[in-house]
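Participant: kindly generate the corresponding structure for this input.
(one chain, ligands or ions: 1)
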Amino acid sequence: MATEQSYIMIKPDGVQRGLVGEVIKRFEQRGYTLKGLKLMNVPKDLAEKHYQDLSARPFFPALVDYICSGPVVAMVWEGKGVVATGRKMIGATNPLASEPGTIRGDFAIEVGRNVIHGSDSVESAQREISLWFPEGVAEWTPAAKPWIYE
Ligand SMILES: Nc1ncnc2c1ncn2[C@@H]1O[C@H](COP(=O)(O)OP(=O)(O)OP(=O)(O)O)[C@@H](O)[C@H]1O
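Facilitator: Next up is the predicted model:
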């Protein structure tokens with residue numbers, strides 16, 4: 001079975017608010033493996049491609065401006081069930097509906113400043129990883145793997 005990967009991105013508000021370490025800590029402590037990581041300013045065409053499914057929505061221009069408003073931290077995390085579990089760790093899209101204990105439930109209030117993105121399916125993750133990491137990701141096996149998986 002191929003190991004599952006998710007595209008996780010700390011949005012500009014998360015970077016500006018100093019939440020980079022907090023987000024990385026949660027994924028690391030859960031046992032997921034960091035496979036790709038970069039801080040980058042987002043070109044407008046990349047933001048538009050990333051959110052292409054939302055292009056007809058009224059908030060699309062504001063969403064693209066938001067993603068391009070400052071650097072983001074683009075990451076690939078790997079491990080069993082990381083797509084669905086990552087979404088649970090992130091919380092509901094609208095932070096007011098996110099459970100406490102989730103990233104949005106602990107650190108956000110508004111949907112237009114919801115701190116973090118996580119792929120919503122394995123297929124979206126593959127598309128997003130090739131979009132954000134055309135150069136590929138790092139190959140490594142964490143020494144702790146046998147202590148996380150039986
Ligand atoms: N009604 C809205 N008003 C403003 N921004 C919105 C609204 N709905 C969604 N967004 C923004 O668009 C992003 C993508 O929306 P989507 O419905 O795909 O939610 P999501 O999958 O939880 O979020 P993401 O794709 O960022 O992980 C949201 O995270 C949010 O930043």
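
Participant: identify the residue nearest I109 in space, chain neighbours excluded?
Facilitator: Nearest residue to I109, sequence neighbours excluded (CB to CB, 6 or more residues apart in numbering): P95, at 5.5 Å. (Glycine included, C-beta is placed from N, CA and C.)

Participant: which residue ranges form the strands in this structure?
Facilitator: Here the chain has its strands, by DSSP state E, at 5-10, 33-40, 72-78, 116-118.

Participant: deepest of those strands, which one?
Facilitator: Neighbour counts (mean count of other CB atoms under 10 Å) averaged over each of the strands of the chain peak at strand 5-10, with a mean of 26.

Participant: hmm, back to that, residues touching the residue nearest to I109, list them.
Facilitator: Contacts for P95 were tallied using CB atoms under 8 Å, 6 or more residues apart in numbering; they are 104-105, 107-111, 114-115.

Participant: and it, what pLDDT?
Facilitator: If you check P95, the pLDDT there is 98.

Participant: now do it against F107, distance only.
Facilitator: Taking CB to CB, to the nearest Å as the measure, P95 falls 8 Å from F107.

Participant: just the buried ones from the contacts of P95?
Facilitator: Burial of those was assessed by neighbour count (16 or more other CB atoms under 10 Å); the buried members are 104-105, 107-108, 114-115.

Participant: now do the contacts for S98.
Facilitator: S98 makes contacts with 90-92, 104-105, 108, as judged by CB under 8 Å, 6+ apart.

Participant: which single one of these is nearest to E128?
Facilitator: Among the contacts of S98, I90 lies closest to E128 (CB to CB), at 14.1 Å.

Participant: up against the ligand, what does the chain have?
Facilitator: Where proximity means CB under 6 Å from any ligand atom, the interface of the chain facing the ligand comprises 54, 59, 63, 93, 111-112, 114, 117-118, 120.

Participant: in TSV: these, plus distance to S6.
Facilitator: Shown next, in TSV, are the residues of the chain next to the ligand (distance: CB to CB, whole Å):
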residue	distance to S6
L54	19
F59	24
L63	20
T93	16
V111	21
G112	22
N114	17
H117	10
G118	6
D120	9
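
Participant: ok, what's across the strand from T102?
Facilitator: P100 (DSSP bridges).
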